[in-house]
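[1] Please work out how this folds:
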Amino acid sequence: MHIPVLLKEMQEALAIRDGALYIDATFGGGGYTRAILEQANCQVIAVDRDPEAIQRAEQLKAQYPDRLFVFQGVFSDLPSIVEKVPVEKVDGVVFDFGVSSYQIDTPERGFSFRFEGPLDMRMSGEGESAADIVNTYSEEDLANVIYTYGEEYRSRRIARAIVELRKVKPIQTTLELANLIKSRVGGRPDAQHPATLTFQALRIKVNNELIEIERGLKFAEDFLSTDGRLVAVTFHSLEDRVVKSFLRQKSVRKQKQSRLLPGEKVPSPPSFHDLYPKGIAPSETEISANPRSRSARLRAAVRLPAHKDGESHA
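    Numbers count the residues shown, from 1 in each chain. Model (predicted):
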């Protein structure tokens with residue numbers, strides 16, 4: 001069952017109001033979209049790359065035919081999507097990054113090693129799968145993927161084990177890969193499963209997630225109206241680092257120097273006011289009710305007036 005994470009905090013950060021237009025860029029189970037539509041007489045553009053999520057969105061659209069617009073696509077598609085509505089600016093954009101409960105709990109999607117399923121992990125169902133990566137990448141490239149996107153310090157040992165096994169037979173299922181990793185790197189019974197970070201790395205690589213996050217944040221900067229809200233919920237350090245870095249760069253002006261060095265450009269005025277510089281974590285009550293929320297963190301910012309060249313907002 002899909003339980004929206006940090007729902008009340010999202011609603012407060014988004015400052016939902018009548019007559020506004022919002023984008024739920026990761027529709028998933030629809031929890032955020034439904035809450036936004038129920039809170040105010042507003043409109044929502046619901047977007048997701050997953051065809052199954054789009055089917056759920058179409059079901060919700062039947063309840064709000066004039067207030068909900070549904071599109072399939074990734075964050076890179078957002079500029080072209082708003083042109084189809086059509087609108088020039090939106091009043092809020094919310095992202096709920098990571099993998100949804102529906103994707104995790106469907107064995108056929110191959111996101112979790114809790115179930116036997118094909119080693120897939122494609123949110124859109126198209127393109128390179130996790131099995132393609134595991135069975136075709138060189139040992140060095142595999143190690144780099146696992147280390148870069150999983151922050152797994154045992155990446156070389158895991159990559160070596162994968163290459164050794166695939167010489168005998170292709171690795172085709174989630175449990176084949178998970179059991180291989182466990183047999184090579186071990187792990188305590190009370191600790192995180194030793195395959196967790198490798199599965200995270202493969203999922204991020206398959207879906208190009210970090211680059212798409214950067215593009216989604218840039219879209220928000222370009223298309224939010226003045227005082228519009230950007231809300232982002234992350235679920236691991238890599239996602240949070242991208243959002244945190246973006247807001248730090250766009251919200252805080254570097255200290256001015258008395259004069260610029262040769263070739264140095266005048267710093268751009270800030271685009272956002274960061275509402276929660278340290279982010280917001282779920283309460284113990286929410287974590288108890290929904291353990292999957294444990295690693296979540298919400299960050300939000302308000303769009304400042306767009307500046308003209310040479311104009312200062314100091």
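[2] quick check: domain ranges of the chain?
    Per the record, the chain has its domains at 7-96+209-303, 107-207, by automatic domain parsing.
[3] Any chance of a markdown table for the ones you listed, columns mean pLDDT and mean neighbour count?
    No exception for glycine: its C-beta is placed from N, CA and C like everyone else's. Output for the domains of the chain, formatted as a markdown table (pLDDT from 0 to 100; neighbours: other Cβ atoms under 10 Å):
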| stretch | mean pLDDT | mean neighbour count |
| --- | --- | --- |
| domain 7-96+209-303 | 93 | 18 |
| domain 107-207 | 93 | 18 |
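[4] mind listing the strands for the stretch 151-300 of the chain?
    Per DSSP state E, counting those that start in this stretch, the stretch 151-300 of the chain carries strands over the ranges 224-234, 272-274, 297-303.
[5] Tabulate those (CSV), appending distance to residue 127.
    Formatted as CSV, the strands of the stretch 151-300 of the chain follow (distance: least, Cβ to Cβ, whole Å):
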stretch, distance to residue 127
strand 224-234, 23
strand 272-274, 32
strand 297-303, 29
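[6] mind checking which of those is nearest residue 69?
    strand 224-234 (17.3 Å; Cβ to Cβ).
[7] which helices and strands does the closest one pack with?
    Judged by 3 or more Cβ pairs under 8 Å, 6 or more residues apart in numbering; DSSP states H and E, strand 224-234 is in contact with helix 7-14, strand 90-96, helix 209-223, helix 237-251, strand 297-303.
[8] how about these in TSV, adding distance to residue 175?
    Converted to TSV, those look like this (distance: least, Cβ to Cβ, whole Å):
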stretch	distance to residue 175
helix 7-14	33
strand 90-96	28
helix 209-223	23
helix 237-251	25
strand 297-303	31
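[9] Just tell me which of those ends up closest to residue 143.
    Nearest of the helices and strands packed on strand 224-234 (Cβ to Cβ): helix 237-251, 17.0 Å.
[10] Format the CA atom coordinates belonging to the closest one as CSV.
    Taking Å, rounded to 0.1, in the frame of the first residue of the first chain, the C-alpha atoms of helix 237-251 are listed here in CSV:
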residue,chain,number,x,y,z
SER,A,237,22.3,10.7,0.6
LEU,A,238,23.1,11.0,-3.2
GLU,A,239,19.6,12.4,-4.0
ASP,A,240,19.7,14.8,-1.0
ARG,A,241,23.2,15.9,-1.9
VAL,A,242,22.0,17.0,-5.4
VAL,A,243,19.1,19.0,-4.0
LYS,A,244,21.1,20.5,-1.1
SER,A,245,23.9,21.6,-3.4
PHE,A,246,21.4,23.1,-5.9
LEU,A,247,19.6,25.1,-3.2
ARG,A,248,22.9,26.2,-1.6
GLN,A,249,24.2,27.5,-4.9
LYS,A,250,20.9,29.1,-6.0
SER,A,251,19.9,30.6,-2.6
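[11] Show me what that helix is packed up against.
    Against helix 237-251 (3+ Cβ pairs under 8 Å, 6+ apart) you get helix 209-223, strand 224-234, strand 272-274, strand 297-303.
[12] give me that answer again for 10 Å
    helix 139-150, helix 196-207, helix 209-223, strand 224-234, strand 272-274, strand 297-303 (3 or more Cβ pairs under 10 Å, 6 or more residues apart in numbering; DSSP states H and E).
[13] got TSV for these, with distance to residue 123 too?
    TSV is the format used below for those (distance: least, Cβ to Cβ, whole Å):
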stretch	distance to residue 123
helix 139-150	15
helix 196-207	5
helix 209-223	9
strand 224-234	16
strand 272-274	27
strand 297-303	21
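[14] Can you say which of these is nearest to residue 18?
    Nearest to residue 18 among the helices and strands packed on helix 237-251 is strand 224-234; the distance by Cβ to Cβ comes to 15.0 Å.
[15] and the angle for the closest one with helix 7-14?
    160 degrees (axes from the mean of the first three to the mean of the last three Cα atoms, to 10 degrees).
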